[in-house]
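Novice: Give me a model of this one.
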Amino acid sequence: MMRHRGVISATRIGTHGPATLDTSSKVKTLPDVFTVACIVLTLCLLGTSYHFYRWLPEPVAPSSSNQFSAARARRHMEDLVSLGARNVGSQANEIHAKNLLIQKVRAIQATASKELEVELLVQATSGGYYLDFLGGMTHIYHNVSNVIVKVSKRASSSEHAFLINAHYDSSLGAVSASDDAVSCGTMLEALQILTSEPVPMVPEHDIIFLFNGAEETGLQASHGFVTQHPWAKRVKAFVNLEAAGAGGREIVFQSGPENLWLISIYAKVAPYPYGSVVVEDLFQSGLIPSDTDFRIFRDFGHLPGIDTAYYSNGYVYHTEYDIPSAIPDACIQRAGDNLVALVKGVANSPFLAHPGDYKHGKVVFFDFLGLFMVVYPERVGLILNTAVVLVSLCYLYVEVRWSRSLLAMASIHHCWQLKRAHVSHLMLEKASFLGTLVMWTVLLAVFTALRVPSAFVCVLWVLPPLLSRLLLWEVAQHRLLPPHLAFVLSTVVGVAIPSMLLLQLDAGMAEIFIPITGRSGTILPPEIPIGLLCVVALFITVPYVVRNCRFRRVARRQFLFQTTSVVHMSSHWIRKVGGALIVGGYVLTIGLVAMGMMFQYSGRPDPHPKRLFLQHTDHTLHHLNTSVSHKQSDVFVIAFDYLELDILAEAAPLYRQAREVECQGAYCGLPYYFPVLHFFKRHWHILAPSPLPTEVQLPLLKLSSMVTLPTQSRNLTFDAEFPVRVSMCLAPRHGNRLVSWSLEKFIPPMSSANGVGDCYFVFYARGFGEGKFSFWLELKRYVQRGENDSFEEIAEAEDWESTVKENRAYVQRGENDICDDGKEIAVAEDWESIVKENRSSLPPCLIHPISLHNLVHSNQLSICQ
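Specialist: Have a look, this model is predicted:
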């Protein structure tokens, strides 16, 4: 290195050091034409990536009998959607939808090849389990339905099967075209294609199509199949078809566990592969408040599988806007082609017979523009990541050894302290490159040590840019290209592959997470996660193109915005124009957001609804002699986004009368169907006339026996008669402990209610039949004595009595509410009941009132001394 008048310049170090460009004479600044060409090439690459992100195949004509047809699958979907909302326990779900599927399967049986045997069974299943999802809850289900079809070769001796699963029930208040009627239609069309003449598939192993009828109630029907049905023992792997939006490309967002062969078959045979282990890591971290049947098959069936889902246009998810017209035929065609290819590949695979023999730990997978998918086991990833770290460290060592000031410059550059240093343009660019390379190398080393599969992102930002830089040296040495052109090409080539790949990942993350902020609760302002998402997206997509943005003070107090490798090497006016455009974009974006012009709620034709949950409730508290001690009617209001009711005050004056509900008792006296109280800061109610319908089935709970056990604990047996959906909250009072019960083999953790009123949350659902059953609880009481907080068991006899409280409620849809722009406010019933609990003076009790809640009624039973 030589210094002249405070200017650092790089010279060629003969044969004793790394070959570099002579920056003092050859590359002081890039000619403007090269700068513009570099920018245009980069934009073309990003445009190509976005084109492939949005590209969908052309639908096949319905007249084609040997290819999957989106038009025929759509007809199946529309027939199912025409039945209306298919909630568990409703006639639409338990009778009409089930009969429709049976009818369609029988029609397929009639046209099936004689080489195949197509069997149809309908399962009614009952059971229970604990699911650590949302706040954690114990599920009890009775007589939920599954429609099951098995395809096998006649006289087949195979005892192995591949499972395809989708659910035909719908969320409350929606016909759920995408979630999951379209997947049911896709499965029916795939079943038709695979079994009918003239080209049926004769599989080596069985294929099972599971149409499950209770997913929206907590994944219950899939649990009944995988734990109880005899065909479940044959299943060795599965694919689950889901949706968190309507349309777009279906993405593989979960795979495994530990079965490389399954995702490898998908990567090999799927005509349009799309998926990333980054999405899997995010989903399984709990950042997305959702779950699928994949979890049931994995945790209770111990099966490997693939989880796919639509996610575009997540604004309509679980709303009345989730209708067939929201799903283009091209989306159905793409999903159907992938499904048929996957079924053919897995059903004829030798891996299916003994999948446990091919376990390889975690799997790293990602696609490139939907053209192909890269899959390798984690152990290969560890070797690759370590090798890349070592190569990068060697490169950095050589650079720093022969140009020691570069290390200091790189560190200074990343600390934003390079203010008055006078350096050559190429030295400044090189310092920036080294600083970015050091950062990504460190991140790669950390993620590799933590065994994070998503570390491949760091590999993409270390290896290709480093190889392109080495290519630049080689070109410069042999003078194969002009230095300017060599620099431009190396810059574009170095960022081309990672930028194109990760732009698609960024676009997918935005489509997933931005709609989720409209239904993820009121605890965290959405600007925080979305802002972080944008920063991370920019950071991982173009780190060598936009890095270490800083202002540099120049003459006359003007600011020059220096950012990229290309800009470092560009002429003065291009740097000024680029900086002005970036600053102008920031100012414009902030201005539009401040004026409220970017995130408006809207209804049809392009719905972005504000989600509200309204319950018109009637609740009455009774004494044991049936006299009424308290009666009140009101409308309970839950807002699902951070703005809560603020935006509605002017549009709907009725909301000004809303008063906040106090948190009292078990689960704050606000027993949901699902334990999601911790997602919300506040709840409101508005006084209103009684809405109670004349004929409803009320949940009944009776204490049938109480026995003192030899362990000095109390066994309480209850007889229950429940309607189709009921939640029950059980909270032992201070000094009492639940030691055993019949609802599960173990005592699960209590569901959180913001630290106040935590309880054991039980959810009951029934498909058909009577909801009569019995269960027991075993409680033990302790008293705290002395300074050491020891507990002594209370063994003396106690008197018991009970108080029954009845709350009645039903949902009143807010269809006539309007916002300030006159557009409809969509009301989406993602959760099914919010009912206020009223309190009266009760004697000391061993447990808080047991709260029972269905769509129209709430009932509480207290066991007191």
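Novice: shaky segments in the stretch 1-150 of the chain?
Specialist: Residues of the stretch 1-150 of the chain that meet the criterion pLDDT under 70 lie in 1-35.
Novice: which residues in it form helices?
Specialist: Chain-ordered helices for the stretch 1-150 of the chain, with DSSP state H, counting those that start in this stretch as the definition, fall at 32-54, 70-81, 91, 98-111.
Novice: which stretches of the stretch 651-800 of the chain aren't confidently modelled?
Specialist: Looking at the stretch 651-800 of the chain by pLDDT under 70, you get 665, 671, 691-698, 754-756, 783-800.
Novice: how does it look with 50?
Specialist: 785-800 (pLDDT under 50).
Novice: and residue 106, how many residues sit next to it?
Specialist: Taking other C-beta atoms under 10 Å as the neighbour definition, residue 106 ends up with a count of 11. Heads up, the C-betas are built off the backbone N, CA and C, glycines and all.
Novice: Which secondary structure elements does the strand or helix carrying residue 492 sit against?
Specialist: Under the criterion of DSSP states H and E, residue 492 resides in helix 483-516. Counting contacts by 3 or more C-beta pairs under 8 Å, 6 or more residues apart in numbering; DSSP states H and E, helix 483-516 is packed against helix 32-54, helix 277-284, strand 363-368, helix 456-460, helix 463-478, helix 527-541, helix 565-568.
Novice: For the first one, output the C-alpha coordinates as CSV.
Specialist: Below are the C-alpha coordinates for helix 32-54, written out as CSV (Å, rounded to 0.1, in the frame of the first residue of the first chain):
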residue,chain,number,x,y,z
ASP,A,32,-21.9,6.3,-16.6
VAL,A,33,-22.9,3.8,-19.2
PHE,A,34,-21.4,0.9,-17.2
THR,A,35,-23.2,2.1,-14.0
VAL,A,36,-26.5,2.3,-15.9
ALA,A,37,-25.9,-1.1,-17.5
CYS,A,38,-25.2,-2.6,-14.1
ILE,A,39,-28.4,-1.2,-12.6
VAL,A,40,-30.5,-2.3,-15.6
LEU,A,41,-29.1,-5.8,-15.4
THR,A,42,-29.9,-6.0,-11.7
LEU,A,43,-33.4,-4.8,-12.3
CYS,A,44,-33.9,-7.3,-15.1
LEU,A,45,-32.8,-10.2,-12.8
LEU,A,46,-35.2,-9.1,-10.1
GLY,A,47,-38.0,-8.7,-12.6
THR,A,48,-37.4,-12.2,-13.9
SER,A,49,-37.6,-13.5,-10.4
TYR,A,50,-40.9,-11.7,-9.8
HIS,A,51,-42.3,-13.1,-13.1
PHE,A,52,-41.6,-16.6,-12.0
TYR,A,53,-43.1,-15.9,-8.6
ARG,A,54,-46.4,-14.9,-10.2
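Novice: by contact count, what packs against it?
Specialist: Counting contacts by 3+ C-beta pairs under 8 Å, 6+ apart, helix 32-54 is packed against helix 483-516, helix 565-568.
Novice: Tell me which of the helices and strands packed on helix 483-516 sits nearest to residue 737.
Specialist: In this view, the helices and strands packed on helix 483-516 are compared for proximity to residue 737 by C-beta to C-beta, and helix 277-284 is the closest at 32.5 Å.
Novice: for the helix or strand following that closest one, packing partners?
Specialist: Towards the C-terminus, the helix or strand next in line after helix 277-284, according to DSSP H and E, is helix 293-299. Using 3+ C-beta pairs under 8 Å, 6+ apart as the contact criterion, the elements in contact with helix 293-299 are strand 161-167, helix 220-228, strand 235-243, strand 305-310.
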